[in-house]
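Peer 1: A predicted structure for the sequence below; I have some questions about it.
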Number of protein chains: 4
Amino acid sequence: MKLQGWTLPQSATGRSSIVAPPPWHYSGEIIAVDFTAPPDVVAGLLPQGLEPTPEGSASVVFADWCSASDNDERVLADPGVGQYHEAYIVLHATRGDKKVGRVPFIWVDSELSLLRGQIQGFPKKLGQIAMTKPITLGRGGVRKDRGSTFAAHATAHGRRVVTASVSIDGTSERLPRAATLPLIHTRLFPAIDRPEPSVHEFQLGAIANFECGTIYTGSASLELGATEFEELAPLGPVKVGMGYVFSMAFSVMGGKVEPA
Amino acid sequence: MKLQGWTLPQSATGRSSIVAPPPWHYSGEIIAVDFTAPPDVVAGLLPQGLEPTPEGSASVVFADWCSASDNDERVLADPGVGQYHEAYIVLHATRGDKKVGRVPFIWVDSELSLLRGQIQGFPKKLGQIAMTKPITLGRGGVRKDRGSTFAAHATAHGRRVVTASVSIDGTSERLPRAATLPLIHTRLFPAIDRPEPSVHEFQLGAIANFECGTIYTGSASLELGATEFEELAPLGPVKVGMGYVFSMAFSVMGGKVEPA
Amino acid sequence: MKLQGWTLPQSATGRSSIVAPPPWHYSGEIIAVDFTAPPDVVAGLLPQGLEPTPEGSASVVFADWCSASDNDERVLADPGVGQYHEAYIVLHATRGDKKVGRVPFIWVDSELSLLRGQIQGFPKKLGQIAMTKPITLGRGGVRKDRGSTFAAHATAHGRRVVTASVSIDGTSERLPRAATLPLIHTRLFPAIDRPEPSVHEFQLGAIANFECGTIYTGSASLELGATEFEELAPLGPVKVGMGYVFSMAFSVMGGKVEPA
Amino acid sequence: MKLQGWTLPQSATGRSSIVAPPPWHYSGEIIAVDFTAPPDVVAGLLPQGLEPTPEGSASVVFADWCSASDNDERVLADPGVGQYHEAYIVLHATRGDKKVGRVPFIWVDSELSLLRGQIQGFPKKLGQIAMTKPITLGRGGVRKDRGSTFAAHATAHGRRVVTASVSIDGTSERLPRAATLPLIHTRLFPAIDRPEPSVHEFQLGAIANFECGTIYTGSASLELGATEFEELAPLGPVKVGMGYVFSMAFSVMGGKVEPA
């Protein structure tokens, strides 16, 4: 190719490309809430080959990320580019005899994350996301400790899609399933000249360097909102489970694909 | 497929998909400015097979769009979804014996437009775009008439990328080349498991229903800004040509692709 | 004063001030819907001396404004500064034997409008506002004509506060009351060193140059949303009346104040 | 008063008011850079009675705040309301024999902060602000430690106004002057019916509960941008001094006022 760039826009140098290829690194603060929904509704959001758990288990995850890219130093250096918030649903599922996760809906507040996610098969949309962030000095915020409540909400197209909170009353040695289930994504890029997509395949991320801080746990609240553009509302009213507040980090080294 | 949707997110109904397939319809207000840049710099932004004009001619186009989709009535019905602003550069080029246009950089302020554009090969990034809009009553704004100045600017990642204005002093029967050159796009979707892209092809839109209102013309100003993330600055300082203010509408019925 | 500026920030020149003093000029596109609410709820949002109408009549108004300032040419010249959207409620009321209007809640998407409004006593908050805008060419949008539906919505702090639509089926010679009732505002600026406010007075704007285009009318829909930060929800579920779509322009030459 | 609320909008309960009266609490992450500018330019931005230092010393401060309000529990509870970023200039000055600070320009990305600031006399405008935030796990971001670079930038009306960075190479026992100089603000609220302002007075905040974490120091970069709406550019090109990265917390209990 004369023009360079892993994504558009391409140029002679490739430096205008929105996304550079992996490895990508992530360090974030997480607020997560487990819930269960009617298993048949969960099943309706799973692709071929994935089955819901008998109880219809799932999680909502909010994340406040810093991200970096080995192939683009600007992502770490410019504070306006690599940082973002996201909110997503993880449906707990089985694929054959394996426990897996599936993200049917996800919102982010960043161009880089939106497109980097689409390449991996995360079905990212833009949204406005707010999360309690932990403080260590003074009285202006909330400490990551027993007795604190961490809240989070996400809005898309002017409608509140997710509202959640976790009131910390303990810690856990066990990672929440939302953080451990390997995610099965669908990479999908439509053709413009025929009905069949140009790309339609499963993708499993190659994750490395996973780290996790103290996992604070507690009772939680969760509300999924009805909108014209998403199909979240059928999942609710959900039965709310445990909530989690923790720091997490990992790297995406690439991924492997399978026919979808 | 069990799950439906032309793009992610997929669901049982397909109604969560960000983009529905064409036809797509566009009605907009345009502010455009012709300019010339060093032909070798223009050449550096053109893909294989396209040559700059001898004078390095190009245009900047700002558009305030309303858009609609035959396959998703929500795009027209919800005023927060189908409307958007965009700013882009069109390089005037030749491909063999044909005059064509190439968009090396474009910014929009809408999720739908960003992804609909990427599918066509428009190298869309997110930006904040402001344009003088014509009024017909009172003194709060600017009328589309002789003596008026229409201004526009675009900002990306906190840096002003384009600042332009047109001071109307007449009208023209002739459409600006920015509106008539057929655009050659590159559809590019990277693979996640190998260096070669999954999709890399030229795309030419199938345009129909073209309409244009009175073409107001006048002297213009234009400034391209330096940023860490785009490679606009080498095009400047540009020699500024004619400016245009007009209404335009068309439909995208699909497109045809060629090997890139 | 050594430093100049009608508002902060002040400087030697006064050119950093966010707002310049009136006259201010407005040209806009309006979508309005009449409704009635329980008169006692309306009464609870009216200041001393204002009474609700027997039927509890009120209106919602969405406006897409271009604005200009005689004392700051930048407001007209920079398209990013003087343009904004707003959404507000007007309660229809009587003050002695006069018919007046009162704006209990209003949202705008502009810094200039927010602060210019606070100075006049408009209780402006920031919001995200979307409105169908009329097109004249093509199929990308909606024409201001019989058979068209104009929609609008406003969101604040991530919650939808107002959702409205008007389906045009005729025109009217008579201006909607939302556009004709003189508005009684409360200018309120708190003190920092004592409980009593530094400024607390009624304000009536001095309006001039009023112009109005064809008034399109039709059946309407309206939904007021519940939020943690506004007290709109008690007004509903409202009884929806006539809807209006029209262009409007006027100037604010200043105002007169009275004890509140 | 029949209607309640420290600020607009007022209602029967007062719960719609944008701002509740102090005490207000703040916990934040700070990136600050000292600089010097021509003393006569600094003098031109100081109000009557304040003199620049002989060297024209000043600082730029970026802050990522969590805030809370004793009189409105929602500010702490809703993560979308009390959190914000700000960027400001502090001019170092003398007032008689006292060392004081003056903030001529400040940008925030929050409605609450904008109006809470205007009440205190902070000349707050809206802006888009990005700051490196410290991480403690993984490789997605930057640790608050020797060898790290913290960057920050602010954009207003589509123009970059401040770009700064600090490369940490040590720590200091001494607080930067930007954090210790008592700030002299001007509370200014214009009248609408006469040229003289309704409120024009100096304000000094009553600060309590000051806390500060480890003060990381290092070499810094700083660039002030030219815009149509601010008068920053005359301060530059500045001579850049020491940079600082630290956590800070304090409470505003109220303030006292003096004739301006």
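Peer 2: Thanks, I have the structure now.
Peer 1: residue of the stretch 151-260 of chain A with the smallest distance to chain D?
Peer 2: Closest contact between the stretch 151-260 of chain A and chain D, by C-beta to the nearest C-beta, is at A:Ala249 (2.3 Å). All C-beta atoms are positioned from the backbone trio N, CA, C, and that covers glycine.
Peer 1: what's the nearest residue to that residue if we skip its chain neighbours?
Peer 2: Leaving out its chain neighbours, the residue that sits closest to A:Ala249 by C-beta to C-beta, 6 or more residues apart in numbering or on different chains is D:Gly138, at 2.3 Å.
Peer 1: Repeat that for A:Glu201.
Peer 2: A:Val257 (4.6 Å).
Peer 1: got any ranges where chain A has weak pLDDT?
Peer 2: Residue ranges of chain A with pLDDT under 70: A:1.
Peer 1: try it again with 90
Peer 2: Where chain A drops to pLDDT under 90, the residues are A:1-2, A:233, A:236-238.
Peer 1: where along it do the strands fall?
Peer 2: Here chain A has its strands, by DSSP state E, at A:24-36, A:51-52, A:57-69, A:84-95, A:98-102, A:106-108, A:124-126, A:128-131, A:149-156, A:159-172, A:184-189, A:199-212, A:215-224, A:239-259.
Peer 1: Chain C contacts on the stretch 101-250 of chain A?
Peer 2: Residues of the stretch 101-250 of chain A found near chain C (C-beta under 8 Å from any C-beta of the partner chain) are A:128, A:130, A:153-155, A:158-160.
Peer 1: residue contacts, the residue most central in space within chain A?
Peer 2: What sits nearest the mean C-alpha location of chain A, by C-alpha atoms, centre = their mean, is A:Tyr88, with 4.7 Å. Residues near A:Tyr88 by C-beta atoms under 8 Å, 6 or more residues apart in numbering or on different chains: A:60-61, A:103, A:105-107, A:122.
Peer 1: between these, which is closest to D:Ser16?
Peer 2: A:Trp107 (27.9 Å; C-beta to C-beta).
Peer 1: The closest one and chain B, how far apart?
Peer 2: To chain B, A:Trp107 is 10 Å away according to C-beta to the nearest C-beta, to the nearest Å.
Peer 1: Surely A:Asp109 is in contact with A:Gly127?
Peer 2: Yes: assessed by C-beta atoms under 8 Å, A:Asp109 is found in contact with A:Gly127 at 6.4 Å.
Peer 1: okay, the two: which has more neighbours?
Peer 2: Using other C-beta atoms under 10 Å in any protein chain shown, the more surrounded residue of A:Asp109 and A:Gly127 is A:Gly127, with 26 against 17.
Peer 1: Tell me which residues touch the closest residue to that one other than its chain neighbours, please.
Peer 2: Counting by C-beta to C-beta, 6+ apart, A:Gly127 lies nearest to A:Trp107, which is 3.0 Å off, once chain neighbours are set aside. If you count contacts by C-beta under 8 Å, 6+ apart, A:Trp107 has them with A:86-88, A:124-127, A:129, A:154, A:156, A:161.
Peer 1: Include distance to A:Arg143 when you put those residues into CSV, please.
Peer 2: Converted to CSV, the contacts of A:Trp107 look like this (distance: C-beta to C-beta, whole Å):
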residue, distance to A:Arg143
A:Glu86, 23
A:Ala87, 23
A:Tyr88, 26
A:Lys124, 31
A:Lys125, 32
A:Leu126, 31
A:Gly127, 27
A:Ile129, 21
A:Ala154, 24
A:Ala156, 30
A:Val161, 28
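Peer 1: Highest neighbour count among these?
Peer 2: A:Ala154 (29 neighbours).
Peer 1: Skipping adjacent residues, who's closest to that residue in space?
Peer 2: Closest residue in space to A:Ala154, ignoring its immediate chain neighbours: A:Ala87 at 3.7 Å, by C-beta to C-beta, 6+ apart.
Peer 1: Same check on A:Pro38?
Peer 2: Spatial nearest neighbour of A:Pro38, excluding adjacent residues (C-beta to C-beta, 6+ apart): A:Gly56 at 5.7 Å.
Peer 1: which residues does the one you found contact?
Peer 2: Taking C-beta under 8 Å, 6+ apart, we find A:Gly56 in contact with A:36-39, A:41-42.
Peer 1: which of those tops the neighbour count?
Peer 2: Within those, neighbour counts (other C-beta under 10 Å) peak at A:Val42, which reaches 26 neighbours.
Peer 1: what's near enough to touch the closest residue to that residue other than its chain neighbours?
Peer 2: If the residues on either side of it in the chain are set aside, A:Val42 comes closest to A:Pro52, at 3.9 Å by C-beta to C-beta, 6+ apart. Residues near A:Pro52 by C-beta under 8 Å, 6+ apart: A:39-40, A:42-43, A:46, A:91-93.
Peer 1: Apply 10 Å and report the result again.
Peer 2: A:36-46, A:58, A:91-94, A:102 (C-beta atoms under 10 Å, 6 or more residues apart in numbering or on different chains).
Peer 1: Please tell me how far A:Gln48 sits from A:Ile184.
Peer 2: Distance from A:Gln48 to A:Ile184, counting by C-beta to C-beta, to the nearest Å: 11 Å.
Peer 1: Just put the residues of the stretch 101-250 of chain A next to chain C in CSV and tack on distance to D:Ser221.
Peer 2: As requested, these are exported to CSV (distance: C-beta to C-beta, whole Å):
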residue, distance to D:Ser221
A:Gln128, 31
A:Ala130, 31
A:His153, 36
A:Ala154, 35
A:Thr155, 36
A:Gly158, 39
A:Arg159, 42
A:Arg160, 40
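Peer 1: Most neighbours among these, please name it.
Peer 2: A:Ala154 (29 neighbours).
Peer 1: Any idea which residue of the stretch 101-250 of chain A lies closest to chain B?
Peer 2: Proximity of the stretch 101-250 of chain A to chain B (C-beta to the nearest C-beta) peaks at A:Pro123, 3.3 Å away.
Peer 1: wait, that residue sits on A:Glu86?
Peer 2: No: using C-beta atoms under 10 Å, A:Pro123 is not in contact with A:Glu86; the gap is 11.7 Å.
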